[in-house]
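Chemist: structure for this input, please:
(one chain, ligands or ions: 2)
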Amino acid sequence: MASDTAHPAPAEPASADGTALQVLRRLDSGPRGLTDTEAAARLAAHGENTVPGVRTPSWPRRCLRGVRDPFTAVLLCLALVSAAVASWGTASVILSLVAVSCVLRATGEHRADRSIAALRGLVSGTATVLRRADGGAERAREVPVAELVPGDVIRLGPGDLVPADVRLLRARGLTVHQGALTGESVPVPKAAADVPGTPHDGPLGQAHLCFQGSGVATGSATAVVVETGARTRFAAAHRVARPRGDSAFDRSVHGISWVLIRFMLLTPPLVLMANAAVRGRGLETLPFAVAVAVGLTPEMLPVIVTTCLARGAALLARHHDVIVKRLPALHDLGAVDVLCVDKTGTLTQDRPVVARALDPSGRDDPDVLHWAAVHTWWTLQLAELPAPDALDEAILDAAGAVGEEYDGVAAVPCGPGRRIATAVLRGPGLGIGTVLVKGAVEDVLERCAVSPGERERLLALAAREAGAGSRVLALATAERPVRDRSYGDERGLAFRGLVTFHDAPAPSAAEALRTLTGLGVTVHVLTGDHPATAARACRDLGLEPAAVRLASDADGAVPGAGPTVVARCTPEDKARIVAGLRAAGHTVGFLGDGVNDVAALRAADVGIVPRDAVGVAREAGDVVLGDKDLTAIGHAVVAGRHSSGNIASYLRVTLSSNLGNVLAMLAAGLLLPFLPMLPAQVLVQNLCFDGAQLAFALDRPAPAVLRRPTGLRPRAFLRFITVFGALNAVADLATFAVLAIALHGPDALDDESVFHSAWFTENLLTQALVMVLLRTGRGLAEKRGPGPVGKAAAALAVIGLLLPPTPVGAALHMTVLPVPYHLLLGAVLGLYALALVAARARYERRHP
Ligand SMILES: Nc1ncnc2c1ncn2[C@@H]1O[C@H](COP(=O)(O)OP(=O)(O)OP(=O)(O)O)[C@@H](O)[C@H]1O
Ligand SMILES: [Mg+2]
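Modeler: Ligands and ions are numbered 1, 2, ... in the order given. Next up, the predicted model:
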């Protein structure tokens, strides 16, 4: 969606200047946030915190946008050429075609935009806000983002989308992705400093401000809302769409379009030359040459594409609670042959419970759990994370109340790419100060003073627990003077033990994996967890991994042919693996729900997120699943195949019969002393085709289409249309011969109106045949009621037979055809149908 509206940039948010205290005072708020009454009053005064959608473009603008479509542009050029040689008939025919396609397309897009906007609204999230009842104590609660008001005090944690423009009050290790506003791809550090340094690049560079539309990469913060709704920077910049590379869909459609456009541009000069060489004609054949080029255009392509995808998306939303945020993503879903998933929260429920706490020798040791809990409690207190992560929650649940007797000095939580969390404490019985480190076993051991032999033994102990399906965290400690501030990079720790967790598999995961495998999609698991834990989780779900690798291994980036587990992935590893798979020619989907999945979601052809994914992940995804029900992915893939199957049917039918007509026109142009078709007849014929082909948007492709990934592969396509286009041209030429025989002798072809009527009838009848016989994946063997395509084809045939003798036919300079012609035409069509079926069977044998 382009930015179609230019909102005046809001004045500098004056209320964000000054110290945190000054800002709070100016906003008439305090560190404890607002009361419910204040918030309600402000909501009424300021309005909802929603970015006003991109204003729906006006109709003329929409139609103008259609002109940017390459086919429309070429058609308009051809119209100009015709007008230049004063061939008004041809020019107006072309303009009518363009008008019809633009209006239909604009209608379709309008409808699609509206429903997509409504669907996007469904997935907007919540923010953690401090509010209190009048006289009561403040409480952090989840409030819909739309209900935020200036003065609200909010908490931000990793993965949160910044819900409004805010002034930081406190921040720890906070880095923020501002890419949606600035386009920069690395997170920038933010801090709550009261004396902000000189901004190096305008207000966006100010460290104490965060802006709506950015996402928290690491760290945490408390902040006061300064601006909401239309007054935010984000609304001003209006960069709703993020730039992204060509999707699989764009690549195929562009590939096919450009080959056709090259043909279209080559055709007129070729026709002119052929006519000059064979018939000695000059520029007077130009209008005809242009008409031939026009005949090649699939002018309904944008209409069919939009309608197929929008319909598919609407059905998915209605029946399976799946929301497609970007229409072409539905096509890409149909083409997905590799799906990468993260483990935690996707294949498993991410509701871990502590199973055991072990000392280094492997014996149960409640002390380990106690210290893990003390560490966790103080990390949460000091880092002010809005919510503990699932592992931390499990530890606190298992250990009960702990920690108050000590004094927390500092904490560095874990984050994307950082698999340990550190807390520094002092207090009764703790000596000069204690550093506690908890995290992934390898990462903790790296920082421990242990002999290589002992390290191997401890790794094996952890691997044994992981192999039984548990998630494993290690704990290590050290005594340090609290003034020693090297917390982020601890060394020489003492290893204290392991805490293991059970995380039950997600209920629908096994079935979803089975369905996907059945649909020909290979599933790889890319996880930050231990390889043994991940491998076991896969097996428990009935997915036997063909390989288990570490992301740091040399070949970690290349999952094999079968399902592969790549463990200990950083967020960058996940994205790199996805990009590698795409480069190897796969169409890749990525399913994940965490901050560590965002880069991969962006790198994939289709990013899929569950609805309860963190804000930044939901923003990065193209497809949002309803509940935790993973089987919806299978339905979404099938819906994608359904839509692209119909688009493929349209393209096959249209392009092959267009090509056939063009070849026949060329031949007829050389054989006949008059134009093989009048401009008005070209128009009526094309309109009939266009109308009938809309039926493809409503079609239900054969089950065979839904069983395999459906890409629109330009090369296979062009081969197909060459073969069937040639066949179509042969049928046309046979019709010319039949016409000559039916009317006794070659002179018969001198009667213009007879030729025009005969060819019109034949064209519509062959088109009807082709529609029925060349639909994607539909063999003759399958007998079902006449779907929409069958009915449209029948209507086309009836028009073809009945139009010439009517007054409309007369107005188009057509005439009644003799009975022998119809009989012979019947024979030609019968043969053509047989040839089509045979050629199709042959083609399918060769290109299974
Ligand atoms: N609260 C925590 N405290 C300490 N270490 C943690 C904590 N949370 C996670 N870790 C460590 O960091 C590792 C990586 O976590 P990350 O979030 O990248 O992936 P994950 O949740 O294990 O798996 P997935 O990538 O499948 O979601 C975890 O496996 C764990 O060892
Ligand atoms: Mg996860």
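
Chemist: from this protein, which residue is nearest to ligand 2?
Modeler: As assessed by Cβ to the ion, ligand 2 sits closest to residue 594 within the chain, at 3.6 Å. To be clear about C-beta, it is placed using only N, CA and C from the backbone, and glycine gets the same treatment.

Chemist: my guess is that residue contacts residue 342. True?
Modeler: Yes: using Cβ atoms under 8 Å, residue 594 makes contact with residue 342 at a distance of 6.7 Å.

Chemist: and the pLDDT for residue 466?
Modeler: In this prediction, residue 466 carries a pLDDT score of 94.

Chemist: pretty sure it is touching residue 533, no?
Modeler: Yes: Residue 466 is within contact range of residue 533, at 4.2 Å (criterion: Cβ under 8 Å).

Chemist: any idea which residue of the chain lies closest to ligand 1?
Modeler: Of all residues in the chain, residue 528 sits closest to ligand 1, at 2.4 Å by Cβ to the nearest ligand atom.

Chemist: these two touch, right, residue 552 and residue 568?
Modeler: Yes: look at residue 552 against residue 568 with Cβ under 8 Å: they come within range, at 6.6 Å.

Chemist: quick one, which of these two is more surrounded?
Modeler: residue 568 (21 against 13; other Cβ atoms under 10 Å).

Chemist: so what's that one up against?
Modeler: Residue 568 sits next to 419, 440, 442, 527-531, 550-552 when contact means Cβ atoms under 8 Å, 6 or more residues apart in numbering.

Chemist: and these, which are buried?
Modeler: Buried members of these, counted by 16 or more other Cβ atoms under 10 Å: 419, 440, 442, 527-531, 550-551.

Chemist: sorry, back to before: ok, now how distant is the residue of the chain closest to ligand 1 from residue 689?
Modeler: Plainly put, residue 528 is 54 Å away from residue 689 if you go by Cβ to Cβ, to the nearest Å.

Chemist: residues from the protein in reach of ligand 2?
Modeler: 342, 344-345, 594 (Cβ under 5 Å from the ion).

Chemist: swap in 6 Å and give it another go.
Modeler: 342, 344-345, 592-594 (Cβ under 6 Å from the ion).

Chemist: reformat the residues you listed as a markdown table; add pLDDT.
Modeler: As requested, the residues of the chain next to ligand 2 are arranged in a markdown table below (pLDDT from 0 to 100):
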| residue | pLDDT |
| --- | --- |
| 342 | 92 |
| 344 | 88 |
| 345 | 84 |
| 592 | 92 |
| 593 | 88 |
| 594 | 83 |
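
Chemist: now, the most widely separated pair of the residues you listed?
Modeler: The two members of those with the most space between them (Cβ to Cβ) are 344 and 592, at 9.3 Å.

Chemist: which residue of the two possesses the greater neighbour count?
Modeler: residue 592 (32 against 25).

Chemist: mind listing the helices for the stretch 51-200 of the chain?
Modeler: Counting by DSSP state H, counting those that start in this stretch, the stretch 51-200 of the chain has helices at residues 59-66, 70-84, 88-122, 179-182.

Chemist: export the second one to PDB, keeping only CA atoms.
Modeler: Once non-C-alpha atoms are left out, helix 70-84 reads as follows in PDB (Å, rounded to 0.1, in the frame of the first residue of the first chain):
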ATOM      1  CA  PRO A  70       2.400  -3.700 -17.400                       C
ATOM      2  CA  PHE A  71      -0.300  -5.200 -19.600                       C
ATOM      3  CA  THR A  72      -2.500  -2.200 -19.300                       C
ATOM      4  CA  ALA A  73       0.500   0.000 -20.100                       C
ATOM      5  CA  VAL A  74       1.300  -2.000 -23.200                       C
ATOM      6  CA  LEU A  75      -2.400  -1.900 -24.300                       C
ATOM      7  CA  LEU A  76      -2.400   1.900 -23.900                       C
ATOM      8  CA  CYS A  77       0.700   2.200 -26.000                       C
ATOM      9  CA  LEU A  78      -1.000   0.100 -28.700                       C
ATOM     10  CA  ALA A  79      -4.100   2.300 -28.500                       C
ATOM     11  CA  LEU A  80      -1.900   5.400 -29.000                       C
ATOM     12  CA  VAL A  81      -0.200   3.800 -32.000                       C
ATOM     13  CA  SER A  82      -3.700   3.100 -33.500                       C
ATOM     14  CA  ALA A  83      -4.900   6.600 -32.800                       C
ATOM     15  CA  ALA A  84      -1.700   8.000 -34.400                       C
END
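
Chemist: by contact count, what packs against it?
Modeler: helix 88-122, helix 248-279, helix 286-296 (3 or more Cβ pairs under 8 Å, 6 or more residues apart in numbering; DSSP states H and E).

Chemist: and among these, the most buried is which?
Modeler: Highest mean neighbour count of the helices and strands packed on helix 70-84: helix 286-296, a mean of 25 (counted as mean count of other Cβ atoms under 10 Å).

Chemist: below-threshold pLDDT in the stretch 151-300 of the chain: ranges please.
Modeler: 180-185, 194-204, 234-246 (pLDDT under 70).

Chemist: can I see the domain layout of the protein?
Modeler: If you go by automatic domain parsing, the domain ranges for the chain are 14-50+124-237, 248-316+637-846, 322-348+506-628, 355-502.

Chemist: any chance of the ones you listed in TSV, with distance to residue 113 too?
Modeler: Converted to TSV, the domains of the chain look like this (distance: least, Cβ to Cβ, whole Å):
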stretch	distance to residue 113
domain 14-50+124-237	17
domain 248-316+637-846	9
domain 322-348+506-628	9
domain 355-502	34
